[in-house]
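Student: one predicted model, sequence on top.
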Amino acid sequence: MTAELPDVLGQLLDLARELPPESTQQAVGYPSLFLLVALGALVPVVPTGAVVSSAAVVAFHQTAPLSLLFVFLVASTAAFLGDVALYWLGRRGVRSKNGSRWLAALRGRAEPDRLGQAQRKLDEHGVTVLVLSRLMPAGRIPVMLACLLAGMPLHRFVRGDVPACLAWAATYGLIGILGGSLFAEPWQGVVAAVVLTMLVSGAPALWRRLRGAGGSDSQHA
């Protein structure tokens with residue numbers, strides 16, 4: 001995901017700098033937002049949170065009514081459809097004797113300790129853990145894999161993923177609104193929203209590393 005971040009965000013910033021607000025909305029567009037979020041749900045190389053926050057900034061500066069609502073609806077729908085498609089593909093791999101490349105990719109992206117934690121939370125809280133997994137950085141794939149390995153049927157996964165995607169789109173939309181409200185120019189708001197998104201996404205990983213480093217130091221001491 002981090003490898004593709006500069007290219008995608010650079011394109012968003014170029015559009016926001018060079019075009020007036022209404023033209024930016026047309027250039028980025030709801031179809032582009034849908035495709036980027038859906039692709040990011042299927043293949044986690046697109047920084048979808050930053051994409052949604054940037055789109056929310058642009059919508060915040062629009063004169064057209066309901067722009068923010070449309071961003072929320074498009075982002076949540078695309079995230080949901082991407083999740084469902086990935087889960088369906090993963091279930092095919094679970095049922096197959098030879099597995100599948102989609103299931104193998106999910107296993108490759110889920111660290112063993114994160115997978116074990118996701119399985120424990122799934123046992124304790126059921127499908128409600130899907131909501132938290134969508135909001136926690138790098139939490140979606142381990143929880144999805146835990147659901148697959150537990151044999152959760154698709155309809156039950158869908159029941160938990162709907163509120164998860166709604167909460168996710170609302171969270172990053174609010175980050176975009178915050179970024180847009182701080183600055184008069186859309187491109188400045190995009191920068192602020194991207195920075196906020198990166199902080200939200202990177203803080204848990206940094207905290208884990210600091211805790212791990214602290215634990216290693218105490219053991220050596």
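Tutor: Yep, it's here.
Student: neighbours of A193, just the number please.
Tutor: 31 (other CB atoms under 10 Å). Every residue, glycine included, has its C-beta placed from N, CA and C.
Student: nope, A110 is what I was after
Tutor: Burial of A110 is recorded as 21 neighbouring residues (other CB under 10 Å).
Student: against F60, how distant is it?
Tutor: As defined by CB to CB, to the nearest Å, A110 lies at a distance of 35 Å from F60.
Student: now G176
Tutor: On the measure of CB to CB, G176 and F60 end up 7 Å apart.
Student: buried set for the strand or helix carrying F80?
Tutor: Under the assignment given by DSSP states H and E, the secondary-structure element containing F80 is helix 67-95. Buried residues in helix 67-95, counting neighbours by 16 or more other CB atoms under 10 Å, are found at 67-68, 70-72, 74-84, 86-87, 89-91, 93.
Student: surely G40 meets V46?
Tutor: Yes: under the criterion of CB atoms under 8 Å, G40 makes contact with V46 at 3.5 Å.
Student: buried sites along stretch 161-180?
Tutor: Within stretch 161-180, judged by 16+ other CB under 10 Å, the buried ones are 161-162, 164-169, 171-173, 175-180.
Student: mind saving the C-alpha coords of it as CSV?
Tutor: Backbone C-alpha positions of stretch 161-180 (Å, rounded to 0.1, in the frame of the first residue of the first chain) are rendered in CSV as follows:
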residue,chain,number,x,y,z
ASP,A,161,-19.7,-5.7,6.6
VAL,A,162,-22.5,-3.2,5.9
PRO,A,163,-22.1,-1.2,9.1
ALA,A,164,-18.3,-1.6,8.9
CYS,A,165,-18.2,0.1,5.5
LEU,A,166,-20.6,2.8,6.5
ALA,A,167,-18.5,3.6,9.6
TRP,A,168,-15.3,3.5,7.5
ALA,A,169,-16.7,5.9,4.9
ALA,A,170,-18.1,8.3,7.5
THR,A,171,-14.8,8.3,9.4
TYR,A,172,-12.6,9.2,6.5
GLY,A,173,-15.3,11.6,5.2
LEU,A,174,-15.1,13.5,8.5
ILE,A,175,-11.3,13.7,8.2
GLY,A,176,-11.8,15.2,4.8
ILE,A,177,-14.4,17.7,6.1
LEU,A,178,-12.0,18.7,8.9
GLY,A,179,-9.2,19.2,6.4
GLY,A,180,-11.4,21.2,4.1
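Student: re the thing from before, for the helix holding F80, packing partners?
Tutor: helix 21-42, helix 48-60, helix 101-109, helix 140-149, helix 154-182 (3 or more CB pairs under 8 Å, 6 or more residues apart in numbering; DSSP states H and E).
Student: mind checking which of these is nearest V190?
Tutor: In terms of CB to CB, the element of the helices and strands packed on helix 67-95 nearest to V190 is helix 48-60, at 4.8 Å.
Student: ok, back up a step: which stretch among the helices and strands packed on helix 67-95 is buried most, on average?
Tutor: Mean neighbour counts were compared across the helices and strands packed on helix 67-95 using mean count of other CB atoms under 10 Å; the top stretch is helix 48-60, at a mean of 29.
Student: other SSEs contacting it?
Tutor: helix 5-18, helix 21-42, helix 67-95, helix 154-182, helix 186-220.
Student: how about a cut-off of 6 Å?
Tutor: Under the contact criterion of 3 or more CB pairs under 6 Å, 6 or more residues apart in numbering; DSSP states H and E, the helices and strands touching helix 48-60 comprise helix 21-42, helix 67-95, helix 154-182, helix 186-220.
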